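Student: what's the 3D shape of this:
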Amino acid sequence: MLGILVFLLFVIFYVPLIRAGIYSLKSKKVNWDNIRISLIIAILGTVFGAIILKLLHIYTEILWFNRLDYTSVFWTIFSWKWGLFFGSGLFCLIFLKTASRSIKKALIKLQANTKKAYSKTINKKINIKCLE
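Tutor: Numbers count the residues shown, from 1 in each chain. Here you go, the predicted model:
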């Protein structure tokens with residue numbers, strides 16, 4: 001059943017991309033609008049399919065833990081997994097934002113120092129030529 005679902009998602013979302021590629025090969029002219037739209041549809045279809053598969057997995061896990069009367073264990077594991085996922089994502093976001101700010105400040109300082117050093121060398125060359 002799951003294989004049929006994956007196959008149907010493939011057919012629905014990837015066939016337009018394949019058709020756009022074949023048409024562009026036949027006509028010797030690439031129609032980027034068709035390829036771009038087909039690629040967006042394929043990416044959205046992949047995300048949609050991944051979400052459906054994850055929801056099906058969660059549903060079967062809930063059914064299995066309910067059958068064993070360990071529902072509280074499932075929800076504890078589930079909440080820890082998602083809590084760690086979002087917590088580590090937040091940590092990475094804060095870390096990358098801080099690093100990008102630091103790099104931006106360093107580049108601004110480097111650019112200012114480079115301009116000063118360049119103007120000093122130009123002034124030295126002008127002064128030396130004037131003295132000669």
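Student: Could you chop the protein up by domain?
Tutor: Taking automatic domain parsing as the reference, the chain has its domains at 1-69, 70-132.
Student: which of those is buried the deepest?
Tutor: Of all the domains of the chain, domain 1-69 has the most neighbours on average by mean count of other Cβ atoms under 10 Å, namely a mean of 13. C-beta coordinates here come from the backbone N, C-alpha and C atoms, glycine included.
Student: Looking at it now, give me its mean pLDDT.
Tutor: In this model, domain 1-69 carries a mean pLDDT of 80.
Student: And that domain, how far out from the chain middle?
Tutor: The chain centroid and the centroid of domain 1-69 are separated by 17 Å under Cα atoms, centre = their mean, to the nearest Å.
Student: again with stretch 92-102
Tutor: Per Cα atoms, centre = their mean, the centroid offset for stretch 92-102 relative to its chain is 16 Å.
Student: and what of stretch 96-105?
Tutor: On Cα atoms, centre = their mean, the centre of stretch 96-105 falls 19 Å from the chain's centre.
Student: and if you look at stretch 99-115?
Tutor: Relative to its chain's centre, stretch 99-115 lies at 26 Å (Cα atoms, centre = their mean).
Student: and the top helix by length along the chain, what other elements does it pack with?
Tutor: As assigned by DSSP state H, the longest helix anywhere in the chain is helix 71-131. Other elements packing on helix 71-131 under the criterion 3 or more Cβ pairs under 8 Å, 6 or more residues apart in numbering; DSSP states H and E are helix 32-67.
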